Structures are given as C-alpha cells and as structure tokens.
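Participant: could you look at this predicted model? Sequence included:
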Amino acid sequence: MAGWIDKLKQRWGLTSGWQVIIVLIVFACTGTTVLLLKRPLFAYWFPDGEKPLWATIVYYILILPVYNMFLLVYGFIFGQFHFFWEFEKKFVNRIFSNFRKN
C-alpha cells in the first residue's frame, strides 16, 4: 500500500505520506462539495424539475472554476494552500499552453 503513496509523494513533491493523505482528502472534499451543491442549486433555479439544456451547458462551463475555487478553500482549511496554489498555476499554464499551440 505504501508504494502508491510514495509514488504520489514523489510526483507531487510532498514531504511525507501524511501530506499525501491530506491532499487526497482535500480532493475528496472538493469533489463531494461540488457534487452535493448541484442538486439543490438546480432544484432552487428550476423548481418544476425540468432543466433546460442551456442550464446543463452553463453548469459544465462553470464547474471548472468553481471546483478550483473549492480546491483552494479546502487546501487552506487543511493547511495545504501552497501545494494547491502551485497545483492550480500548473493546471492553468497547461490549459493556456494548449490554446497557444492550436
């Protein structure tokens, strides 16, 4: 079991196995929060239960920045803000470098 933790520790440049576990907990909390927010928000905006196609499209467009915001918030709460800030910068650079190539 420690093998995959060591691989993640090395890949992410972390200092301990516990830090890897905390980072994984932050990812889990972020994903769960985004997932749990979708249903009540759609229920509030569309009380009849029928979602128009545009709402689904807007949701998928907005999910990326909202997910990243929650990632930073949970990273701060769990004391890993620096890791997630660097993670976000790499992520954004990868996205924009792909746009520059095309």
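Facilitator: Structure's in. What do you need?

Participant: just checking, what packs against the lowest-mean-pLDDT helix or strand in the chain?
Facilitator: Sorting the helices and strands of the chain by mean pLDDT, DSSP states H and E puts helix 81-101 at the bottom, at a mean of 85. Helix 81-101 makes packing contacts with helix 17-45, helix 53-77 when contacts are defined by 3 or more CB pairs under 8 Å, 6 or more residues apart in numbering; DSSP states H and E. The way it works is simple: take the backbone N, C-alpha and C, and place the C-beta from them, glycine included.

Participant: next, format those as a markdown table and append mean neighbour count.
Facilitator: Below are the helices and strands packed on helix 81-101 laid out as a markdown table (neighbours: other CB atoms under 10 Å):
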| stretch | mean neighbour count |
| --- | --- |
| helix 17-45 | 14 |
| helix 53-77 | 13 |
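
Participant: export those helices as JSON lines, with columns for distance to residue 86 and mean pLDDT.
Facilitator: Shown next, in JSON lines, are the helices and strands packed on helix 81-101 (distance: least, CB to CB, whole Å; pLDDT from 0 to 100):
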{"stretch": "helix 17-45", "distance to residue 86": "12", "mean pLDDT": "94"}
{"stretch": "helix 53-77", "distance to residue 86": "10", "mean pLDDT": "93"}
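
Participant: can you add distance to residue 5 and give those back as JSON lines?
Facilitator: As requested, the helices and strands packed on helix 81-101 are arranged in JSON lines below (distance: least, CB to CB, whole Å):
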{"stretch": "helix 17-45", "distance to residue 5": "5"}
{"stretch": "helix 53-77", "distance to residue 5": "19"}
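
Participant: if we can go back for a sec, quick one: the least confident helix or strand of the chain to chain centroid distance?
Facilitator: Averaging C-alpha positions (CA atoms, centre = their mean, to the nearest Å) puts helix 81-101 13 Å from its chain's average.

Participant: mind listing what's buried in it?
Facilitator: Across helix 81-101, burial judged by 16 or more other CB atoms under 10 Å covers 83, 84, 87.

Participant: hmm, the first one is touching residue 12, no?
Facilitator: Translated: residue 83. Yes. Residue 83 is in contact with residue 12 according to CB atoms under 8 Å; the separation is 7.2 Å.
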